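**Q** Using only what follows, build the 3D model:
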Amino acid sequence: MQAISNALGPDGVFIGQMGEADQIGEPTTRYDKASMQVDGFIDLMRRYGFDSVKDYIEPHAGFDGIWSFVISFKNAENKANWYANEAEVQRKLHQRLLPTISGSHPLYYFDGAGMVAYEYPNRVASETFCLNETIPAYCEAGYGFDPESNVAMKDSVQSLFVEPSSYSLIQDMAKTGLTVLWNSIATSLENMGEQISFFGRKALNVKPSLQVLTGNANNAVSSEEDGGNYFYNPFMDRNYLNFLSIKRLTVKNSGAGSELVK
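**A** Numbering: from 1, shown residues only. Here you go, the predicted structure:
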């Protein structure tokens with residue numbers, strides 16, 4: 001593995017086929033030999049200089065079962081590129097693919113929408129990952145709300161998420177100075193929103209309604225990390241946006257509007 005890591009260089013990406021994808025009811029890695037081998041492989045990736053490992057499945061291989069893969073990244077920038085949105089992938093395909101003689105599309109199965117399906121682990125993988133004897137980070141947090149510690153829960157799921165590519169485009173347009181509109185949009189989003197790390201790329205999360213005004217006053221964001229700086233965690237990978245929008249909530253009520261005027 002050391003030789004492979006050295007050969008790939010600092011920008012390397014390594015993909016491994018890990019057998020059939022898990023099914024509901026699969027044993028934890030403590031009892032399943034195949035899963036133990038996957039865990040051993042992931043540990044090797046960590047030991048020999050890889051930045052992170054992600055899961056994905058491929059249902060189009062033509063075999064009886066759905067195949068499971070892991071993709072390993074040597075640096076955070078390549079990991080961030082894995083989460084490009086559909087439009088970004090379509091643009092890159094348009095730039096790189098050569099036209100066919102017949103004029104038909106050169107790819108049978110892959111396009112921007114298909115890539116989005118690969119970006120997040122399937123639900124079963126995220127669930128079986130959390131069945132280990134030692135519960136991995138974030139699994140105990142679950143999916144829902146704690147009604148005793150959060151307010152404005154209904155509004156919190158309606159926050160405006162500005163994807164990294166959109167945020168970068170808005171910033172670039174504002175810097176040109178050609179239009180007051182783009183500068184106003186950039187300023188408003190940055191003043192009202194919270195800059196977050198979306199798998200290593202800068203994005204914005206704009207809280208809805210009065211949370212825009214109360215969030216900073218209450219010092220109300222939770223202690224959950226939002227940077228995705230973990231090596232391997234399918235549960236967190238699949239629920240990343242959920243953690244960004246739900247776990248960073250106002251945690252106490254405003255007293256007679258006092259926070260709004262500070």
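
**Q** mind showing which ranges of the stretch 101-250 of the chain have poor pLDDT?
**A** Where the stretch 101-250 of the chain drops to pLDDT under 70, the residues are 133, 141-158, 177-178, 208-229, 244-250.

**Q** Okay, strands next: where are they in it?
**A** Along the stretch 101-250 of the chain, counting by DSSP state E, counting those that start in this stretch, strands occupy 160-162, 193-198, 201-206.

**Q** which one of these lies closest to residue 135?
**A** Among the strands of the stretch 101-250 of the chain, strand 193-198 comes nearest to residue 135, with 24.4 Å by C-beta to C-beta. Glycine gets a C-beta too; all of them are placed from N, C-alpha and C.

**Q** For the closest one, C-alpha coordinates in PDB please.
**A** Provided in PDB are the C-alpha atoms of strand 193-198 (Å, rounded to 0.1, in the frame of the first residue of the first chain):
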ATOM      1  CA  GLY A 193     -25.600  33.900   6.500                       C
ATOM      2  CA  GLU A 194     -23.100  31.700   8.300                       C
ATOM      3  CA  GLN A 195     -20.000  30.600   6.300                       C
ATOM      4  CA  ILE A 196     -19.600  26.900   6.600                       C
ATOM      5  CA  SER A 197     -17.300  24.200   5.200                       C
ATOM      6  CA  PHE A 198     -19.100  21.900   2.800                       C
END
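
**Q** buried residues in it?
**A** 193, 194, 196, 197, 198 (16 or more other C-beta atoms under 10 Å).

**Q** Can you pick out the most distant pair from the residues you listed?
**A** Going by C-beta to C-beta, the pair spanning these furthest: 193 and 197, at 13.5 Å.

**Q** sorry, back to before: I'd like the strands of the stretch 101-250 of the chain written out as CSV, with distance to residue 64 added.
**A** Formatted as CSV, the strands of the stretch 101-250 of the chain follow (distance: least, C-beta to C-beta, whole Å):
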stretch, distance to residue 64
strand 160-162, 39
strand 193-198, 36
strand 201-206, 38
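
**Q** List just the one of the ones you listed that sits closest to residue 40.
**A** Nearest to residue 40 among the strands of the stretch 101-250 of the chain is strand 193-198; the distance by C-beta to C-beta comes to 29.5 Å.

**Q** what's the angle between that closest one and strand 201-206?
**A** 140 degrees (axes from the mean of the first three to the mean of the last three C-alpha atoms, to 10 degrees).

**Q** how about residue 61, secondary structure?
**A** Reduced to three states with DSSP: H, G, I helix; E, B strand; the rest coil, the structure at residue 61 is coil.

**Q** That one and residue 17, how far apart?
**A** Using C-beta to C-beta, to the nearest Å, residue 61 is found at 9 Å from residue 17.
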